[in-house]
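# have a look at this fold, sequence not included:
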């Protein structure tokens, strides 16, 4: 009972750790009693001098999402071992791409990571490449020349169960994890205002400081630069009107309105090495120096992991969570890098495409997103030729499986526990 309680409490741990990962011993589904030499997950419970209980926790899969709890009781020379299996309450960062209320549509796109739609998935033109599970509640369709033969789907699931989104209450409750200047709210005396407060956020070049410029109705309230809160959350009552910069630590941004990405967001390690970079035939190149029509994946251009990237401890990660849209601004670079996990509760992520005259959307180049994407509606990078029409590179960050952004929103299925069973009695 005690370990069950601790497992459930671990989901709200400030560290963001999933499911007591640090106490799990690597194992497999054949473990039916504690292994020799393994330390208990909890201190030994001594009821009487000759009556004691030890509890062991084993991981049942390499992603630390399923666990077996073994309780070994010894009394008067007799031993009983009982077990119960648990499945973790996953965050939405487990998905490379997720859509709740609209179908997902893919063309000639490569996606590394789990893709899921609570509706259906449409594959167009062929040439799509998916490296992990691709699942949909209402099946797949293939149009405009796409077929099952010319679309790489190694792990398809056309009748997947529905995954529920968090509630508005769960989203707004995240404010309880922010404080001081990181609680950008009209009721905070630091930002006192009669109307909702917006913020522009810059992660400074040193990768460890953040500048927050707060405003209300277009009038600036304050600007402050502080160290990024470790494993922390910056909560904004209104919109995040701009976010950009370099990150060497772990933090999440949550906005009750929209979030607008206005420049590159990149991860770096403590020595300044970027997590990913663009290369041409193996040589590093600056995306800003490319010609307007150059396309990633052609003529030797590749957006790839940097082998020199070696962060100490958990790697840097950024959560961008908005109630409304996450917008890639028209004023963002021609070739845009976004290292972050994106989450939109009621809308989508998308390039800024204002089709209402006299606005003239800009023809952009290549988009590279390293992280994860989850939204209510399907997002988009372009409406050809506007937006990021040259290429879309959606690269799942595998570190999100065990070290998601702090306080990242979780699936509403919570955790589940299997029946208890006795494995041995002597």
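Noted; the coordinates are in hand. Everything quoted here is computed from the prediction, not taken from an experiment. Residues are numbered from 1 along each chain as shown.
# residues near the closest residue to residue 180 other than its chain neighbours, how many?
Nearest residue to residue 180, sequence neighbours excluded (Cβ to Cβ, 6 or more residues apart in numbering): residue 190, at 7.1 Å. Quick note: C-beta positions are derived from backbone N, CA and C, even for glycine. Other residues within reach of residue 190, judged by other Cβ atoms under 10 Å, total 15.
# can you tell me the SS state at residue 190?
Secondary structure, DSSP: H, G, I helix; E, B strand; the rest coil: residue 190 is helix.
# again, but for the one 4 residues further on
Reduced to three states with three-state DSSP, the structure at residue 194 is coil.
# residue 375 bridge partners, please.
residue 99, residue 344 (DSSP bridges).
# residue 242 too?
Here residue 242, judged by DSSP bridges, has bridge partners residue 200.
# just to revisit the earlier point, quick one: contacts for the residue nearest to residue 180?
Counting by Cβ atoms under 8 Å, 6 or more residues apart in numbering, residue 190 makes contact with 180-181, 183, 222.
# residue nearest the centroid of this protein?
residue 93 (2.8 Å; Cα atoms, centre = their mean).
# that residue belongs to a helix, doesn't it?
Yes: Residue 93: assigned to a helix according to three-state DSSP.
# if I look at it, how far off is residue 382?
From residue 93 across to residue 382, the span is 25 Å (Cβ to Cβ, to the nearest Å).
# can you give me the strands for the stretch 151-300 of the chain?
155-157, 183-184, 198-203, 209-216, 219-227, 232-236, 240-247, 250-255, 259-267, 276-280, 283-285 (DSSP state E, counting those that start in this stretch).
# of all those strands, which lies closest to residue 325?
strand 259-267 (7.7 Å; Cβ to Cβ).
# now do that closest one: distance to the chain's middle.
15 Å (Cα atoms, centre = their mean, to the nearest Å).
# for it, which helices and strands make contact with it?
strand 240-247, strand 317-322, strand 326-328, strand 336-344 (3 or more Cβ pairs under 8 Å, 6 or more residues apart in numbering; DSSP states H and E).
# quick check: angle from it to strand 336-344?
Angle of strand 259-267 versus strand 336-344, following axes from the mean of the first three to the mean of the last three Cα atoms, to 10 degrees, is 120 degrees.
# export the strands of the stretch 151-300 of the chain to CSV and tack on mean pLDDT and distance to residue 366?
Below are the strands of the stretch 151-300 of the chain laid out as CSV (pLDDT from 0 to 100; distance: least, Cβ to Cβ, whole Å):
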stretch, mean pLDDT, distance to residue 366
strand 155-157, 89, 27
strand 183-184, 98, 32
strand 198-203, 98, 22
strand 209-216, 98, 27
strand 219-227, 97, 31
strand 232-236, 95, 29
strand 240-247, 98, 18
strand 250-255, 97, 24
strand 259-267, 98, 12
strand 276-280, 97, 9
strand 283-285, 97, 12
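# so which of these comes closest to residue 100?
Here strand 155-157 is closest among the strands of the stretch 151-300 of the chain (Cβ to Cβ), at 16.8 Å.
# and residue 114, what's its pLDDT?
pLDDT recorded at residue 114 is 85.
# low pLDDT regions in the stretch 1-150 of the chain?
Per-residue confidence for the stretch 1-150 of the chain (pLDDT under 70) gives these ranges: 1-29, 61-66, 87-89.
# tell me where it has strands.
Using DSSP E, counting those that start in this stretch, strands in the stretch 1-150 of the chain cover 25-26, 45-48, 51-59, 66-75, 78-87, 95-99, 104-106, 110-112, 114-117, 121-124, 129-130, 133-136, 140-143.
# which other helices and strands contact the fourth one?
So that's strand 66-75. helix 2-10, strand 51-59, strand 78-87.
# and for the fifth one?
For strand 78-87, the contact count by 3+ Cβ pairs under 8 Å, 6+ apart identifies helix 2-10, strand 66-75, strand 416-417, strand 421-425 as packing neighbours.
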